[in-house]
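Undergrad: model the following, please.
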Amino acid sequence: MPLFDHPDFDDHEQVVFCSDAASGLRAIIAVHDTALGPALGGCRMWPYASDEEALRDALRLSRGMTYKSALAGLPLGGGKSVIIGNPRTDKSEALLRAMGRHVERLGGRYIVAEDSGTGVPDIKTMAQETTHVSGVVEKATASGGTRSGDPSPSTAYGVFVGLRAAVLHRLDRTDLEGLTVAIQGVGSVGGHLARYLAEAGAQLWVADIDEAQARRVADRVGATPVSADAIFDLEVDVFAPCALGAVLNDGTIPRLTCPVVAGAANNQLAEARHGQTLADRGILYAPDYVINAGGVIDVYHERAGYDHGRVMTHIERIADTLTEIFARADMERKPTAAVADRMARQRVGRAR
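TA: Prediction:
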């Protein structure tokens, strides 16, 4: 399919196909929109089944970053990069440095950070070839200590406050004591979210394609591990998808019995129409790029001058944004995802 006719192209400003024969790098950098500022977004490394699948992921993720930054009130545009390969077996210093050189050639239009399949050490390796990186500087914590530049804890905290806002709106509950939550994917973000929820008194079920990881997190927070497939069928208050995208689709939505979907994964809706499908079933959906904006807020403040209290205050405004989206969706009888998309496009349009 020609790029300009791709259903997810959405007038991207720039799409770069990256190759380095010596290291085996095959990657795509997608810059969706820079009206609000340079395009910041993570670099995902994944063994995509095809180049088409990788392109689709890059296009959808970069558009989501534009909307995410717009609704988070950040002077940033949207971009994303994907490396085609298994992060456990194909990653090398040469490959990462080659990726850094491709980022550098864009002259700052795209700023790279970590994502699924990459971490702080990988971005630091890219930083040997480019200055256009983020999420690598150690940050102060509320306790007076420091943590790595990894934005995952901030992403999880944003999901936590957003989930509370969704529970208040849909279930009229101001506390999470005894709330039942099914978390799909307990890696760096889902694991932190499980801790936040457990500390708030929620009852948890967790699943991960890495069953050993699910058991480790379950033991740590007092959750019940279940299989990756069974997580959809649990009778819970909240389903929290924190793995990869397209998890809300024609096959999974009919299996959900929860009144709320609120999780960290990007591109949770397989297609835009699935937002309406959720609404028709009476399920309140917290749009993914709104609720998971804590990470990009964190890395933006790293570049602007990091202050832990200011960052937490900014992240907590995710709840206000979601509450506005929920109220508009109720008033207009529209899916929450459609309302969020419109709000984001309006903010970008005003900037342009």
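Undergrad: show me where the stretch 51-200 of the chain has helices.
TA: In the stretch 51-200 of the chain, the helices defined using DSSP state H, counting those that start in this stretch lie at 51-71, 93-105, 120-126, 152-171, 188-199.
Undergrad: let me have those in CSV, extended by mean neighbour count.
TA: C-beta coordinates here come from the backbone N, C-alpha and C atoms, glycine included. What follows is the helices of the stretch 51-200 of the chain, written out as CSV (neighbours: other CB atoms under 10 Å):
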stretch, mean neighbour count
helix 51-71, 23
helix 93-105, 20
helix 120-126, 20
helix 152-171, 24
helix 188-199, 23
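Undergrad: by mean pLDDT, flag the weakest helix or strand of this structure.
TA: strand 146-147 (a mean of 55; mean pLDDT, DSSP states H and E).
Undergrad: returning to that earlier point: and the helices of the stretch 51-200 of the chain as TSV, adding mean pLDDT and distance to V112?
TA: Output for those, formatted as TSV (pLDDT from 0 to 100; distance: least, CB to CB, whole Å):
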stretch	mean pLDDT	distance to V112
helix 51-71	96	12
helix 93-105	98	5
helix 120-126	96	6
helix 152-171	97	16
helix 188-199	97	17
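Undergrad: a markdown table for these, including distance to D10?
TA: Formatted as a markdown table, the helices of the stretch 51-200 of the chain follow (distance: least, CB to CB, whole Å):
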| stretch | distance to D10 |
| --- | --- |
| helix 51-71 | 5 |
| helix 93-105 | 22 |
| helix 120-126 | 26 |
| helix 152-171 | 24 |
| helix 188-199 | 25 |
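Undergrad: which stretch among those approaches T313 most closely?
TA: Among the helices of the stretch 51-200 of the chain, the nearest to T313 by CB to CB is helix 152-171 (11.0 Å).
Undergrad: tell me which other helices or strands the closest one touches.
TA: Helix 152-171 is packed against helix 188-199, strand 238-241, strand 260-261, strand 284-285, helix 288-291, helix 294-304, helix 308-332, with contacts defined by 3 or more CB pairs under 8 Å, 6 or more residues apart in numbering; DSSP states H and E.
Undergrad: what separates it from the chain centre, distance-wise?
TA: Helix 152-171 sits 13 Å away from the centroid of its parent chain (CA atoms, centre = their mean, to the nearest Å).
Undergrad: with just CA atoms, put it into PDB.
TA: What follows is helix 152-171, C-alpha atoms only, in PDB (Å, rounded to 0.1, in the frame of the first residue of the first chain):
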ATOM      1  CA  SER A 152       7.800   4.500  33.700                       C
ATOM      2  CA  PRO A 153       7.000   5.400  37.400                       C
ATOM      3  CA  SER A 154       5.500   8.700  36.200                       C
ATOM      4  CA  THR A 155       3.500   7.000  33.500                       C
ATOM      5  CA  ALA A 156       2.100   4.600  36.100                       C
ATOM      6  CA  TYR A 157       1.300   7.400  38.500                       C
ATOM      7  CA  GLY A 158      -0.600   9.200  35.800                       C
ATOM      8  CA  VAL A 159      -2.600   6.100  35.100                       C
ATOM      9  CA  PHE A 160      -3.300   5.700  38.800                       C
ATOM     10  CA  VAL A 161      -4.700   9.200  39.200                       C
ATOM     11  CA  GLY A 162      -6.600   8.900  35.900                       C
ATOM     12  CA  LEU A 163      -8.100   5.500  37.000                       C
ATOM     13  CA  ARG A 164      -9.300   7.200  40.200                       C
ATOM     14  CA  ALA A 165     -11.000   9.900  38.100                       C
ATOM     15  CA  ALA A 166     -12.700   7.200  36.000                       C
ATOM     16  CA  VAL A 167     -13.900   5.300  39.000                       C
ATOM     17  CA  LEU A 168     -15.300   8.500  40.600                       C
ATOM     18  CA  HIS A 169     -17.200   9.300  37.400                       C
ATOM     19  CA  ARG A 170     -18.500   5.900  36.600                       C
ATOM     20  CA  LEU A 171     -18.900   4.200  40.000                       C
END
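Undergrad: what angle do helix 188-199 and it make with each other?
TA: For helix 152-171 against helix 188-199, the angle by axes from the mean of the first three to the mean of the last three CA atoms, to 10 degrees is 50 degrees.
Undergrad: for this protein, which residues score under the pLDDT cut-off?
TA: 1, 139-148 (pLDDT under 70).
Undergrad: from L163, how far off is the residue nearest to the spatial centre of the chain?
TA: In the chain, the centroid-proximal residue (CA atoms, centre = their mean) is N266; its distance is 4.2 Å. Separation of N266 from L163 (CB to CB, to the nearest Å): 16 Å.
Undergrad: picking up where we left off before, redo the helices and strands packed on helix 152-171 as JSON lines? Include distance to E52.
TA: What follows is the helices and strands packed on helix 152-171, written out as JSON lines (distance: least, CB to CB, whole Å):
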{"stretch": "helix 188-199", "distance to E52": "27"}
{"stretch": "strand 238-241", "distance to E52": "23"}
{"stretch": "strand 260-261", "distance to E52": "27"}
{"stretch": "strand 284-285", "distance to E52": "27"}
{"stretch": "helix 288-291", "distance to E52": "22"}
{"stretch": "helix 294-304", "distance to E52": "27"}
{"stretch": "helix 308-332", "distance to E52": "32"}
